[in-house]
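>>> here are the coordinates; sequence isn't available:
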Ligand code: CUA
């Protein structure tokens, strides 16, 4: 091979290297463009869940849409070969929905057509995605991860209805894919608590109702939470009180976002704040939690029940759920 041939080959090699680099930059630019314009975000895992545990978490043992007291919707969906449970879900237009997903068997996908919701549903993992349905219509749901022979049949639909129509169906009990209403603990949470003994009197009874309506879907009707997904309050709430009486107030008002460790298990999830509830309801539910499930036996002797005034004066500080996470760390809680 003479000198000029060498030169020709080297020139072509340089051209291909430049071409390859330009293509890489184009792909990178496309990703950046989509992230910036389409509101795409990486869905991170909300926790862990063994397939056997799925039947014990209310979110998945009783899957479907639940209207939270915030007016938002929490939607538990179990994916399994080859269906979604529930596969058809009615929601009102304007619904802020948070979808919680897990798989009973193999890897599935959960993609809602015409939206940016596209979640990998991994067995053993809890994933979530948020979406606000601003337009009525039928949104098809598909599994977009090959999961077996009938993968192509794994479909669902979300019907976003006019509000009046949704209300009518919900009231008649004919709305599709709604979770059964949460049951309060029989006899209320207080009935399950041991006698208060020398402790301050148990709080007003409606704290357990607030708990059943707003807290039980994540922390469990019995305060046991769920390992990896939502921390327990039974056997844990008094430790929060001891760390700082104001801390439980902030968590309930402003939420909590970040990695925490409770009784040796770690959690990385988002708890919404509940500032939309009244001060009286918040005080009642905080007291109910402190007294329920044997928690009252580990309250400190100087324990003072929460009052509506406690919550009223903690409002208006504009804390974020991440600020509360930092406060938690400052108090030395893991
Ligand atoms: Cu499930 Cu494909």
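Arrived safely, thanks for sending. As the structure is a prediction and not an experimental result, all values here were calculated from the model.
>>> Flag every residue of the stretch 101-250 of the chain that's near the ligand.
Neighbours of the ligand within the stretch 101-250 of the chain, by CB under 6 Å from any ligand atom: 108, 143, 145, 146, 147, 151, 154. Yep, even glycine has a C-beta here, placed from its N, CA and C like the rest.
>>> Which parts of the chain are helices?
Assigned by DSSP state H, the chain shows helices spanning 3-37, 58-61, 163-172, 188-192, 206-210, 216-219, 237-243, 246-254, 279-291, 308-314, 321-330.
>>> Could you report the neighbour count for the closest residue to the ligand within the stretch 151-300 of the chain?
At 3.5 Å from the ligand, residue 151 is the closest residue in the stretch 151-300 of the chain, using CB to the nearest ligand atom. Other residues lying near residue 151 total 17 when counted by other CB atoms under 10 Å.
>>> Run through the residues that contact it.
For residue 151, the contact set (CB atoms under 8 Å, 6 or more residues apart in numbering) comprises 82, 143, 145.
>>> Is residue 110 bridged to anything, and to what?
For residue 110, the beta-bridge partners under DSSP bridges are residue 119.
>>> Report the separation between it and residue 64.
Using CB to CB, to the nearest Å, residue 110 is found at 15 Å from residue 64.
>>> Let me know the pLDDT of the closest residue to residue 231 other than its chain neighbours.
Spatially, and ignoring its direct neighbours in sequence, residue 231 is nearest to residue 262 (4.0 Å; CB to CB, 6 or more residues apart in numbering). Predicted confidence (pLDDT) for residue 262: 89.
>>> Isn't residue 262 up against residue 232?
Yes - counting by CB atoms under 8 Å, residue 262 does reach residue 232; the two are 6.6 Å apart.
>>> shaky segments in the stretch 101-250 of the chain?
Scanning the stretch 101-250 of the chain for pLDDT under 70 picks out the ranges 181-205, 227-228.
>>> So which residues of it form strands?
108-112, 118-121, 125-132, 137-142, 155-161 (DSSP state E, counting those that start in this stretch).
>>> So which of these is the most surrounded?
When these are scored by mean count of other CB atoms under 10 Å, the highest mean neighbour count falls to strand 108-112 (a mean of 22).
>>> ok, and what's touching that strand?
77, 79-81, 84, 99, 101, 117-121, 129, 131, 139-145, 147, 154, 158.
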